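one predicted model, sequence on top.
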Amino acid sequence: MVIRVEHELHTRRKGRNAGVGLLLVGFIAIVFGLTVVKVLQLDNIRQFETFDHAPRPQLVPETEVGQ
């Protein structure tokens, strides 16, 4: 089997694949960074549990339960 020189089409595809890969890594970094910032801004970690939009009795403060 003869080893042939790579066609110019393959060279262009490698460049495009590298560009798409860099965009994907950049998007993942942005999402991860926003997640870290959001979690670090919380005063109490229990606040993170309240964002699920479902009523849960264990999250209601004790003063509201008796009323």
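Cool, the structure landed. What you are looking at is a predicted structure, and each value in this text was computed from that prediction instead of being measured.

contacts, neighbours, all on C-alpha from now
Noted.

who are the contact partners of T11?
With C-alpha atoms under 8 Å, 6 or more residues apart in numbering as the criterion, no residue contacts T11.

neighbours of V2, just the number please.
The local packing of V2 (other C-alpha atoms under 10 Å) involves 4 other residues.

so what's it up against?
The contact partners of V2, by C-alpha under 8 Å, 6+ apart, come to none.

in three-state terms, label it for me.
What DSSP: H, G, I helix; E, B strand; the rest coil gives for V2 is coil.

cool, and V5?
Per three-state DSSP, V5 ends up coil.

can you read off the pLDDT for it?
For V5, the pLDDT comes out at 77.

longest helix in this protein, please.
Longest among the helix segments of the chain by residue count, using DSSP state H, is helix 8-40.

do me a favour and average the pLDDT over that helix.
Over the span of helix 8-40, the pLDDT mean works out to 92.

next one: stretch 43-63
66.

what strand or helix carries D43?
Of the helices and strands defined by DSSP states H and E, none includes D43.

what's around R16, how many residues?
R16: 12 neighbours (other C-alpha under 10 Å).

any idea how far V20 is from F27?
The gap separating V20 from F27 is 11 Å, by C-alpha to C-alpha, to the nearest Å.

got it, and T11?
Note on T11: its distance to F27, by C-alpha to C-alpha, is 25 Å.
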